[in-house]
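sequence? don't have it. structure:
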């Protein structure tokens, strides 16, 4: 075996090892986050209520076909937590796309900026 072949094999072994370690760490982190979320749901009744309201609204929106139900449920969940943003915070939330007490409607396609993204496609032929 030449040096190049040996080096290539060692490099592949190293990459596989790093990939395996990354998969294991990803699973550990995922389970940790899930466990933390479950603990938070069990200990915080306000969070549990907010998540239940969002889940019910998402299910209702899927059955009815309405797009407004999740936004209304999110606003209700925020209200149920006792959070009432003032007008400055509400304007900031609306700019971020989070509905507040006076959520604006979505912009029409004519109000959106023109896209300047160029897609390079190969020349066939």
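That came in fine, so what should we check first? This one's a predicted model, so the numbers in the text were calculated from it and none came from an experiment.

Summarise which helices and strands whichever strand or helix holds residue 55 is packed against.
Using DSSP states H and E, residue 55 sits within helix 45-64. When contacts are defined as 3 or more CB pairs under 8 Å, 6 or more residues apart in numbering; DSSP states H and E, helix 45-64 sits against helix 3-43, helix 69-80. (Each C-beta comes from the backbone N, C-alpha and C, glycine too.)

of those helices, which approaches residue 54 most closely?
Minimum separation from residue 54 across the helices and strands packed on helix 45-64 (CB to CB) falls at helix 69-80, 5.3 Å.

and the angle for the helix holding residue 55 with helix 3-43?
100 degrees (axes from the mean of the first three to the mean of the last three CA atoms, to 10 degrees).

Skip the chain neighbours and tell me the closest residue to residue 51.
residue 41 (6.5 Å; CB to CB, 6 or more residues apart in numbering).

Surely that neighbour and residue 52 touch.
No. Taking contacts as CB atoms under 8 Å, residue 41 lies outside contact range of residue 52: 9.4 Å.

tell me the contacts of residue 48?
For residue 48, the contacting residues are 41-42, by CB atoms under 8 Å, 6 or more residues apart in numbering.

and if we set it to 6 Å?
Residue 48 makes contact with residue 41 under the criterion CB atoms under 6 Å, 6 or more residues apart in numbering.

As JSON lines, the helices and strands packed on helix 45-64 with mean neighbour count would be great.
What follows is the helices and strands packed on helix 45-64, written out as JSON lines (neighbours: other CB atoms under 10 Å):
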{"stretch": "helix 3-43", "mean neighbour count": "10"}
{"stretch": "helix 69-80", "mean neighbour count": "17"}
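
lowest-confidence stretch among the ones you listed?
Lowest mean pLDDT of these: helix 69-80, a mean of 60.

number of nearby residues for residue 61?
Neighbour count of residue 61, defined by other CB atoms under 10 Å: 17.
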